[in-house]
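[1] with the input below, show me the fold.
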Amino acid sequence: SFCFQDALTIAFPENADGWPSACFLSRCETCSKEEAKYRCPRCMKYSCSLLCVKKHKLALSCNGVRDKTAFVSVNEFTDLNLLSDYRFLEDVGRTVDAAARHCLVHNPATKRLLYCLRNKARGCNIELKTLPVGFTKRRENSTTFNSNKFYWHLKLIFPHCDAEYTLKGVPDDKTLADILKPYIDPVKSDPVVCQRLKIYTASPQSDVRILMKIENRSQNSVRYNELDASRSLLDNLKGKVIIEYPTLFVVLKTLKNDMVVLGQGEHVFISCYVILGYFSYISSS
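    I've put the predicted structure just below:
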């Protein structure tokens, strides 16, 4: 029986113009007797049968696999070559990603590090949760623990300016006010950052609120904790659930946002019912 893997690729009997393809106009380059039916993708030699295909492989030490990195001049470069290059890069990306996943999943050092981080966080009254390999936050997280101190991977989001910044190695004893100074302090912030966050730098520091999303709540009941800027990052994280690393939302009291702080949303909701009940009582009496 004929094996396609051994026989390489089958040429089409006709080209786009309706004429016989090149290999059908050629003789087998192995036996020189029969009409060619197949063309080797690697060495481009013509063959007529499986036997000749195998002979040509043996004689030329050819593996029959097309060389995806072979040089192609600009004049000969076609859409098929472009598609081939694109698929080659995709294959490389998949191979690299698979290798990275394998190392992370099966690396004992990685597992020990994650266990150590979760254990140390638990000792600080922080519930640190890690995601499986492959998740973006797992890949991004650079949090470490050294000299009895956390050095956090931290993300700052400024919703009013649609901006976000990532900080690495933030010591847990640093106050939130000091963490934000390079971003919202009109004197100490970087000029480029200051310009982008000018709505924050132009506002009084007393108007700035720092919020952190409460994890493990349903999508229709999203709530935020308001943090204390005068206290350390560690103090603010105590008693909270962190998935990989903290993400802080910096908002202004004077500007409207859709973030409901825990306790405040429920308070408003209950107050509305109290007022409606009061007016119902007045109207009925």
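[2] let me see the mean pLDDT of stretch 167-183.
    Averaged across stretch 167-183, pLDDT comes to 93.
[3] which residues touch that stretch?
    For stretch 167-183, the external contacting residues (C-beta atoms under 8 Å, 6 or more residues apart in numbering) are 124, 142, 144, 149-156, 158, 165, 188-190, 193, 197, 200, 208, 210, 227-234, 236-237, 248, 250. For the C-beta atoms, the positions are set from N, CA and C on the backbone; glycine is no exception.
[4] count of neighbours near Leu234?
    17 (other C-beta atoms under 10 Å).
[5] check which helix or strand covers it.
    Secondary-structure assignment from DSSP states H and E places Leu234 in helix 233-237.
[6] sorry, back to before: please pick the buried ones from the contacts of stretch 167-183.
    150-156, 158, 189, 193, 197, 200, 208, 210, 227, 229, 232-234, 236-237, 248, 250 (16 or more other C-beta atoms under 10 Å).
[7] in strands, which of the residues you listed appear?
    Among these, DSSP state E puts 150-156, 158, 208, 210, 227, 248, 250 in strands.
[8] that older thread, ok now the helix holding Leu234, how far from the chain's centre?
    Offset of helix 233-237 from its chain centre (C-alpha atoms, centre = their mean, to the nearest Å): 27 Å.
[9] extract the C-alpha trace of it and format it as PDB.
    Output in PDB follows, covering the C-alpha atoms of helix 233-237 (Å, rounded to 0.1, in the frame of the first residue of the first chain):
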ATOM      1  CA  LEU A 233       0.600  47.900  52.300                       C
ATOM      2  CA  LEU A 234       0.900  44.900  54.700                       C
ATOM      3  CA  ASP A 235      -1.600  46.500  57.100                       C
ATOM      4  CA  ASN A 236      -4.100  47.200  54.300                       C
ATOM      5  CA  LEU A 237      -3.800  43.600  53.000                       C
END
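[10] so which elements touch that helix?
    In terms of contacts (3 or more C-beta pairs under 8 Å, 6 or more residues apart in numbering; DSSP states H and E), helix 233-237 is packed against strand 149-158, helix 176-184.
[11] let's see it at 10 Å
    strand 149-158, strand 163-171, helix 176-184, strand 208-213, strand 224-227 (3 or more C-beta pairs under 10 Å, 6 or more residues apart in numbering; DSSP states H and E).
[12] in JSON lines, list the ones you listed along with distance to Ile242.
    Shown next, in JSON lines, are the helices and strands packed on helix 233-237 (distance: least, C-beta to C-beta, whole Å):
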{"stretch": "strand 149-158", "distance to Ile242": "9"}
{"stretch": "strand 163-171", "distance to Ile242": "13"}
{"stretch": "helix 176-184", "distance to Ile242": "15"}
{"stretch": "strand 208-213", "distance to Ile242": "9"}
{"stretch": "strand 224-227", "distance to Ile242": "12"}
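[13] among these, which comes closest to Asp67?
    strand 163-171 (41.2 Å; C-beta to C-beta).
[14] now do the closest one against helix 176-184, angle only.
    140 degrees (axes from the mean of the first three to the mean of the last three C-alpha atoms, to 10 degrees).
[15] buried stuff in strand 163-171?
    167, 170-171.
[16] just for the stretch 101-250 of the chain, where's the confidence low?
    For the stretch 101-250 of the chain, the stretches with pLDDT under 70 are 101-109.
[17] now the residue nearest the centre of the chain: phi and psi?
    Closest to where the C-alpha atoms of the chain average out (C-alpha atoms, centre = their mean) is Thr136, at 3.8 Å. Per-residue torsions, Thr136: phi -60, psi -50 (degrees, to the nearest 10).
[18] quick revisit: just the residues contacting the helix holding Leu234, thanks.
    Residues from elsewhere that reach helix 233-237, judged by C-beta atoms under 10 Å, 6 or more residues apart in numbering: 121, 124-128, 149-150, 152, 154, 170-176, 178-179, 210, 212, 225-230, 246, 248.
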